[in-house]
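Visitor: give me coordinates for this.
(one chain, ligands or ions: 2)
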Amino acid sequence: PQLIQREDYAPFAWLVPEVALRFDLGIERTRVHSALTVQRNARANTAEFIRLEGDGITPLEVTVDGEAINSWSMDDGDLMVPLSGDTHQIEIVTEIDPSANTQLMGLFASNGMLCTQCEAEGFRRITFFPDRPDVLSVYSVRMSGSKDQFPILLCNGNLKASGERPDGTHWAEWHDPWPKPSYLFALVAGDLVANRDTFTTSSGREVELAIWVRDGDLERTDHAMDSLKRAMKWDEETFGREYDLDTFNVVAVSDFNMGAMENKGLNIFNTKYVLADRATATDGDYDAIEGVMAHEYFHNWSGNRVTCRDWFQLSLKEGFTVLRDQLFSQDMGSESVKRIEDVRVLRAVQFPEDSGPLAHPIRPDSYREISNFYTSTVYNKGAEVIRMMRTMCGPERFRSGCDLYFDRHDGQAATCEDFITAIEDGAGLDLRQFRLWYRQAGTPKVKVRLEHDGDTATLHLSQDVPPTPGQPEKLPVPIPLRLALFDRESGEHEGEQLVILEHAQASLTFSGFAAPPVLSINRGFSAPVAIERDTPVEDLVFLAANDDDPFARYEAMQDLVVAYLRDAASGALASERRAAGQQAILSAFASAVTDEALDDLMRGELLILPGHSYISEQLAVADPLAIHQEREGLKALLGSRLQTEFAAMHARASAISDGSDAVARGARKVKTQALVYLAAGVPERAKEIAAAQYDTATNMTDRLGALMVLAGLRSPERTDKILDFYTRFRDNPLVIDKWFAIQAQSLHPDVIEHVKALAKHPDFNIRNPNRVRSLFMAFTGAPQGFHAASGEGYRLIADLILELDPINPQTAARFVAPLGRWRRTERDRATLMRAELERISKAPKLSRDTFEQVTRSLG
Ligand code: B3K
Ligand code: ZN
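Guide: Residues are numbered from 1 along each chain as shown. Ligands and ions are numbered 1, 2, ... in the order given. Model (predicted):
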């Protein structure tokens, strides 16, 4: 497959101001009639043809200006139509079989309904079209089909007319006044019911809101609706963005490759991010629904009104929209807890990506399959990069920059460069050097050293951006670091400063410190970098107890643990230092458990140990089992030595009455945290408490937390509760997904056998992406299974990739990354991982998606 390069961008030779589509809908046969008004693009090179992209479709009829032609030809799936004049009308008929569409791209069937997914290149599986984001058109759509089968017919924009015919069919006509690229097209036809509401915009327009689901799911849509209304209001207040159509429809589907899709006026969601009630969804699910609802809604401006010129600019809409949804969630709940959660995801997923074979800049330079670039780098690091701009200028100036961006580029397909320039002009920032963040991959490493002499403290900073594939040499990037220097006597500091490290090295002096201060740096995680600080253990303990920046406090605890586990897992810890490290961690945890000034939501964060992948990141080459054992060993130590404290915390939290407020949520969070440690340290005692928590649970958070802990233990309670859970929830696919995941990601020594058995369970369905992820993606997070010395874990994942690739390449390709970490993994395992990648690469007819990921990973 061809390598597509950012530098090769050229505008399309034709404009397509108008598109009229007619759909005759059927699950097995849908006929599509498309009429395109095309005009020569004065800003592009002239062409004698128009290339209309197609993927797996054939033209049944082609007419130009009303005349059937046969001078068209096919080129690699695309339709080439010769055109001589400046303006033409092209009409094309295609036919597709949505029931055979297992890729879930284009028009597909899910549970008897029809729906679409067009981003990035799915529209070409419906009809021939210049399927690129810089071609913007006004769409009119007429759809018709059996009224019985498809009582509800939805499309982008506003409903214009509808009617019935005597033959049992009905039709609807929709018009979307806003010019849009084909990737934002959507259509839904099915038997659906709606949760309806209205929203009055700041300028007083009333918008009809509807969330469409299957009959029976309606009771579980209230949280999604509330989240949507909160997001609409917040975007008006915080970014001055108002909704721009008379209706906003959201449809939930159970077969979906991703979380959700921001199609203009008709968002399509994975049911996972819509349906929730207290018995079936965890607090984490509630937060995720709120966040994804907001994210897709925010795309209406950052993505739809201003879209991307080409797919290399993806972070223009995704990074920005992730930042917007993060800020929204920070405002809706606990700002510091949300910040910690976002950083944890970044470190668990994006940092490893940035240090592995799939590393790429937030604005990539080339791709073979764009689906592979919907990554944590483009999304989460992209958000961090824009967040740094905001940190450097402050929220007000940032808002002015955003206003200018929306103003200047409304109705356009823009670039990251356009965004940066608008922020420079509107916020008054100089971002010349900062642009490197868009061009360079790799997580910058910042070394921090604090010296003290007389009454002066000197801070030495240096940075290094590591080499990544295709980028051996790097330049220093501007790194905004929020810092404070604490007086260790008073436990206070004289105010926070923002320092921007622009060069490879810098030294800063601070006077007025008779005694050496304690440095708190990268507060709030002001830059997405890896800090290496030579901070003594007692200073970390000090910060873990005293830092007034909640993120920095969390970070001090993490650093204590990370340093210990890193050294322990690499065998570099002499027994004395081991004991000292454990002692420091024990005392930091003991104060976190008992500190009455902390709320439980924050306490819960402090008590989460750094994840396996983040610890691996600290080592050039990691032994996954050693990390796992040390991490579990530390948990066991904490659980047994702080047994009384954890049990008391569990009892205290269990007495807090159930509810959806922050106090009750915090209580649930620490309850399960207590169980996690007790299960590691005193499993016999933990079993009982967990079983009781399971039995008396009145919500999914408590029930699943208890089940998760039991799933890792060999005990009769485990078997009992796993069976009970299945029986209770067998009719709810989203909960059964949890049931699969909890077993696949468990600490149980027989996890591989469990996964193999679950793959044969009647409820396992390889065609449903949620189910595949809940079994196999979860399994890649069970180190003792995935990294089993026999290589069986790697083989399971490789077998899955090979089986799934012909069915759903986009989802299959997502499983390559865990195997791609071989270079950073201990030698024997690396050989096994590599061998599986090679086996995959030799398969005949590998999809472009999987081929690209496997090739890069072997690289
Ligand atoms: N824009 C979509 C992602 C589409 C993924 C295509 N492979 C959802 C989102 O980021 O909001
Ligand atoms: Zn998005």
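Visitor: for whatever residue of the stretch 401-550 of the chain ends up closest to ligand 1, give its distance to ligand 2.
Guide: Going by CB to the nearest ligand atom, ligand 1 is nearest to Ala413 of the stretch 401-550 of the chain, at 15.0 Å. Quick note: C-beta positions are derived from backbone N, CA and C, even for glycine. Remark: distance between Ala413 and ligand 2 (CB to the ion, to the nearest Å) = 16 Å.
Visitor: and what of Lys445?
Guide: Lys445 is 29 Å from ligand 2, by CB to the ion.
Visitor: also Ala680?
Guide: For Ala680, the distance to ligand 2 - CB to the ion - is 37 Å.
Visitor: just to be sure, that residue is in a helix?
Guide: Yes: when classified by DSSP: H, G, I helix; E, B strand; the rest coil, Ala680 is found to be part of a helix.
Visitor: tell me how many other residues surround it.
Guide: 23 (other CB atoms under 10 Å).
Visitor: does Ser526 touch Met392 like I think?
Guide: No: here Ser526 lies out of contact with Met392, judged by CB atoms under 8 Å, at a distance of 9.2 Å.
Visitor: before we move on, the earlier item: quick check: pLDDT value at the residue of the stretch 401-550 of the chain closest to ligand 1.
Guide: Note on Ala413: pLDDT of 99.
Visitor: contact partners for it?
Guide: Residues in contact with Ala413, defined by CB atoms under 8 Å, 6 or more residues apart in numbering, are Pro133, Asp134, Leu136, Pro181, Thr307, Cys308, Arg309, Asp310.
Visitor: residue of the stretch 651-800 of the chain nearest ligand 2, please.
Guide: Pro769 (17.2 Å; CB to the ion).
Visitor: next: the stretch 551-700 of the chain.
Guide: Taking CB to the ion, the stretch 551-700 of the chain has Ser613 as its residue nearest ligand 2, at 23.3 Å.
Visitor: that older thread, wait, the residue of the stretch 651-800 of the chain closest to ligand 2 touches Asn257, no?
Guide: Yes: counting by CB under 8 Å, Pro769 touches Asn257, with 5.4 Å between them.
Visitor: and for those two, which residues touch both?
Guide: Leu104, Asn808, Thr811.
Visitor: for the protein, what lies in contact range of ligand 2?
Guide: Glu318, Thr321 (CB under 5 Å from the ion).
Visitor: and the chain, what are its domains?
Guide: Per automatic domain parsing, the structural domains of the chain span 1-191, 307-439, 445-527.
Visitor: give me whichever of the ones you listed is most buried.
Guide: Neighbour counts averaged per stretch over those are highest for domain 307-439, at a mean of 21; criterion: mean count of other CB atoms under 10 Å.
Visitor: check contacts around the closest residue to Asp549 other than its chain neighbours.
Guide: Computed as CB to CB, 6 or more residues apart in numbering, the closest residue to Asp549 that is not its neighbour in sequence is Arg523, at 4.2 Å. By CB under 8 Å, 6+ apart, the residues touching Arg523 are Arg482, Leu483, Ala484, Glu496, Asp547, Asp549, Phe551, Ala552.
Visitor: and if you look at Phe779?
Guide: Ala744, Gln745, Val751, Val755, Gly785, Phe786, Gly793, Leu796, Ile797.
Visitor: Asp547 too?
Guide: Asp547 sits in contact with Phe486, Ser520, Arg523, Arg553, Ala556, where contact means CB under 8 Å, 6+ apart.
Visitor: so how far is the helix or strand harbouring Gln89 from its chain's centroid?
Guide: Assigned by DSSP states H and E, Gln89 belongs to strand 87-96. Its chain's average C-alpha position is 37 Å from that of strand 87-96, according to CA atoms, centre = their mean, to the nearest Å.
Visitor: give me the residue from the stretch 551-700 of the chain nearest ligand 1.
Guide: Here the residue of the stretch 551-700 of the chain nearest ligand 1 is Ser613; by CB to the nearest ligand atom that distance is 22.4 Å.
Visitor: what comes into contact with the helix or strand encompassing that residue?
Guide: Element membership for Ser613 (DSSP H and E) is helix 612-617. Contact with helix 612-617 is made by 344, 347-349, 351-352, 355, 530, 562, 565-566, 569, 622, 624, 627-628, 631, 781, 783, 821, 824, as judged by CB under 8 Å, 6+ apart.
Visitor: farthest-separated two in the contacts of Ala413?
Guide: Leu136 and Asp310 (13.2 Å; CB to CB).
Visitor: that older thread, so which of the contacts of Arg523 are in helices?
Guide: Among the contacts of Arg523, the subset assigned to helices under DSSP state H consists of Phe551, Ala552.
Visitor: give me the element the nearest residue to Val593 once chain neighbours are set aside is part of.
Guide: Distances taken as CB to CB, 6+ apart place Glu645 nearest to Val593, at 4.6 Å, with adjacent residues excluded. Assigned by DSSP H and E, Glu645 belongs to helix 643-654.
Visitor: what are the buried residues along that helix?
Guide: Of all the residues in helix 643-654, those buried under the rule 16 or more other CB atoms under 10 Å are Gln643, Glu645, Phe646, Ala647, Met649, His650, Ala653, Ser654.
Visitor: alright, calling it a day.
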